[in-house]
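A.B. asks: Sharing a model that was predicted from the sequence below.
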Amino acid sequence: RTPPAERGRHSSWKHGLSSALGMTTVGVKAERHTRTEGEPREFKNKAVAEQVSDDAYDKFELLKVRNTYKWLSFIMNAETNMVEVDIEGPPDSNLEEMMAALPQSDCRYVVYDHDFVTHDGRKTSKMYFISWMPSNATRHNKMAYSEMKQTVSTRFAGTFDVQAQESTDILLALGVLSREDLEEEDQEFEDDF
């Protein structure tokens, strides 16, 4: 073990290890990493965006004003540096179809027109802006989508903001599922054991 006074002497851990073992590293060629062979890796799905495309905004307006769509999924396109429409949900689609279209390992923005009945029996709807960032998405994509979220949500005005990592977050935010329902499911699961 190297005394604390001598720890700063070694320029690298390899030098310290080789000197501790009595070996020299002069003339030894460093091996490349086996997975990348020392080459820098480029992410294949690197999300970057600077603005919302005009087409995405136009489709949002069709969803909002004319109910042409039930929901829209948006993706960051690294080639155009724009937020673009990924999937269009037809007017007769439902919440389950929208949630099934969300990828489990990549981020998305979703605008969803949620129809529901109020406690006094009136039919109404609310538009939700959902930031879908599942836990197994890459850190780079989560950061890029988080950074762009404010710009995108202000462009899609008149929506309620929802941050979701899993499907239960969406169900809770939309009022389809309550905390009591989750607690009951947890209790039933514990009772089984």
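C.D. replies: Looks like it came in fine.

A.B. asks: ok, now which ones touch the residue nearest the centre of the chain?
C.D. replies: Centre of the chain computed as the mean C-alpha position; nearest residue by Cα atoms, centre = their mean is M133, 2.3 Å away. By Cβ atoms under 8 Å, 6 or more residues apart in numbering, the contact set of M133 is 107, 141-142, 145-146, 163-165. Backbone N, C-alpha and C define where each C-beta goes, glycine included.

A.B. asks: Please pick the buried ones from those residues.
C.D. replies: Neighbour-count burial (16 or more other Cβ atoms under 10 Å) is assigned, among the contacts of M133, to 107, 141-142, 145, 164.

A.B. asks: which of these lies closest to M82?
C.D. replies: Closest approach to M82 among those (Cβ to Cβ): Y145, at 13.7 Å.

A.B. asks: all strands of the protein, in order?
C.D. replies: Per DSSP state E, the chain has strands spanning 51-52, 71-77, 82-89, 108-117, 123-132, 160-164. These are given in chain order.

A.B. asks: Can you tell me which of those strands is most buried?
C.D. replies: Using mean count of other Cβ atoms under 10 Å, the stretch among the strands of the chain with the greatest mean number of neighbours is strand 71-77 (a mean of 22).

A.B. asks: gap between it and the chain center?
C.D. replies: On the basis of Cα atoms, centre = their mean, to the nearest Å, strand 71-77 is displaced by 12 Å from the centre of the chain it belongs to.

A.B. asks: That one pairs with which strands, and in what direction?
C.D. replies: Using DSSP bridges, the strands paired with strand 71-77 are strand 82-89 (antiparallel), strand 108-117 (antiparallel).

A.B. asks: Rebuild those as JSON lines, extending it with distance to S178 and mean pLDDT.
C.D. replies: Putting the strands paired with strand 71-77 into JSON lines (distance: least, Cβ to Cβ, whole Å; pLDDT from 0 to 100) gives the following:
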{"stretch": "strand 82-89", "distance to S178": "25", "mean pLDDT": "96"}
{"stretch": "strand 108-117", "distance to S178": "13", "mean pLDDT": "96"}
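
A.B. asks: Provide the partner residues of K126 in its beta bridges.
C.D. replies: When bridges are called by DSSP bridges, K126 pairs up with H114.
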